[in-house]
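**Q** Could you look at this predicted model? Sequence included:
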Amino acid sequence: MIRSMTAFARKDVQGDWGTLTCEIRTVNHRYLEPSFRLPEAFRELENRFREELRKQLKRGKVDVSMRLQSAEKGSQSFEISEDMAQAVNEAANHINRILDNPAHINALDILRWPGVLSVPEQDYSPAKEAAVGLFEQTVAELASVREREGERLRPLFEDRLKTMGDLVADVRRRMPELLEAQEKALRDRFEKAKVELDAERVAQEMVMLAQKSDVAEELDRLDAHIGEVSDTLKSEDAIGRRLDFLMQELNREANTLSSKSIDAGVTRTAVDLKVLIEQMREQVQNIE
């Protein structure tokens, strides 16, 4: 299956504790490289999120953002440590009795003292439970988007593979005719140079020409690689790296075909093949 590495997914969930939003963006990358921006209270969930990502994704740079908007409350409660406030007040009065010019201490001064005033710690347990489920749903949606985006590339590959197969078949069909033309051209050169034709010498020259211009092996390998790409596109595993390797192999054979060309038409075919291979290779860079 073709899966794109470029995708985006977003989901929200609400509860008594507020609204939680999860966004995940992915782009192409050689390996799986996740990064997280989480509320501080959710930091302990990062390893769990990483494991979930590894189950669903194989490659790509992944940016995960989770935001918590707490529910509005009618009033903010505070906790005051009366014992600490009393101790601070008694210490201040004691110092004032020692000083020649004591300063007045007010209630706000006492409240600012560490430990006197505190905000009750919020219980994030329900929000954390919701965050786990929300993340799993968002990752599942992301994987689905990657599959849909990837499958849109299938016609592009199939059309180009068919065209490449037709080009290879055309060269294979024309090769006997091209070799015959080369033999005739060689004989004409001998005759034009008024060189006495020696059957053995002509045979040797033709063998050397046939060996130099024989592209049957390259055509066979091109057909094999084209078939392998078609089979790979049907695999359920991550196929990006294998496709990238096959594009390199296809390009190598197309280059060899061009270097052995004995006809302008074959050279044009080799160029057309390389153009098609490059078009596929550009898309392969974005496949998981």
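**A** Happy to help now that I have it.
**Q** State the three-state secondary structure for the residue lying farthest from the centre of the chain.
**A** Here the centre of the chain is the reference, and by Cα atoms, centre = their mean the most remote residue is Asp100, at 73.3 Å. Following DSSP: H, G, I helix; E, B strand; the rest coil, Asp100 is assigned to coil.
**Q** where's Glu147 relative to Lys260, distance?
**A** Glu147 is 41 Å from Lys260, where distance means Cβ to Cβ, to the nearest Å. In short, each C-beta sits where N, CA and C put it, glycine included.
**Q** and the residue lying closest to Phe42 once chain neighbours are set aside, what element?
**A** Excluding its sequence neighbours, the residue lying closest to Phe42 (Cβ to Cβ, 6 or more residues apart in numbering) is Ala131, at 5.7 Å. Ala131 belongs to helix 125-151 when elements are defined using DSSP states H and E.
**Q** Which parts of this structure are strands?
**A** Using DSSP state E, the strands of the chain run over residues 7-15, 18-27, 32-37, 60-70, 79-80, 117-118.
**Q** Can you lay out these as TSV showing mean neighbour count, mean pLDDT and distance to Val284?
**A** TSV is the format used below for these (neighbours: other Cβ atoms under 10 Å; pLDDT from 0 to 100; distance: least, Cβ to Cβ, whole Å):
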stretch	mean neighbour count	mean pLDDT	distance to Val284
strand 7-15	16	95	17
strand 18-27	19	95	15
strand 32-37	14	96	18
strand 60-70	18	94	14
strand 79-80	11	80	60
strand 117-118	14	72	58
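**Q** Pipe these into JSON lines and attach distance to Glu141 per row.
**A** Formatted as JSON lines, the strands of the chain follow (distance: least, Cβ to Cβ, whole Å):
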{"stretch": "strand 7-15", "distance to Glu141": "4"}
{"stretch": "strand 18-27", "distance to Glu141": "8"}
{"stretch": "strand 32-37", "distance to Glu141": "16"}
{"stretch": "strand 60-70", "distance to Glu141": "13"}
{"stretch": "strand 79-80", "distance to Glu141": "42"}
{"stretch": "strand 117-118", "distance to Glu141": "40"}
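**Q** which secondary element of the chain has the worst mean pLDDT?
**A** helix 199-213 (a mean of 61; mean pLDDT, DSSP states H and E).
**Q** Quick check: pLDDT value at Asp83.
**A** Confidence at Asp83, expressed as pLDDT, is 85.
**Q** still on that earlier bit, list the helices and strands the helix holding Ala131 packs on?
**A** strand 7-15, strand 18-27, helix 46-56, strand 60-70 (3 or more Cβ pairs under 8 Å, 6 or more residues apart in numbering; DSSP states H and E).
**Q** For the ones you listed, give me a markdown table that also has distance to Gly165.
**A** As requested, the helices and strands packed on helix 125-151 are arranged in a markdown table below (distance: least, Cβ to Cβ, whole Å):
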| stretch | distance to Gly165 |
| --- | --- |
| strand 7-15 | 31 |
| strand 18-27 | 32 |
| helix 46-56 | 35 |
| strand 60-70 | 31 |
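**Q** what's the closest of those to Ala143?
**A** Within the helices and strands packed on helix 125-151, the stretch nearest Ala143 is helix 46-56; the backing value is 4.8 Å (Cβ to Cβ).
**Q** shaky segments in the stretch 101-250 of the chain?
**A** Scanning the stretch 101-250 of the chain for pLDDT under 70 picks out 118-121, 178-179, 181-213.
**Q** All set, thanks.
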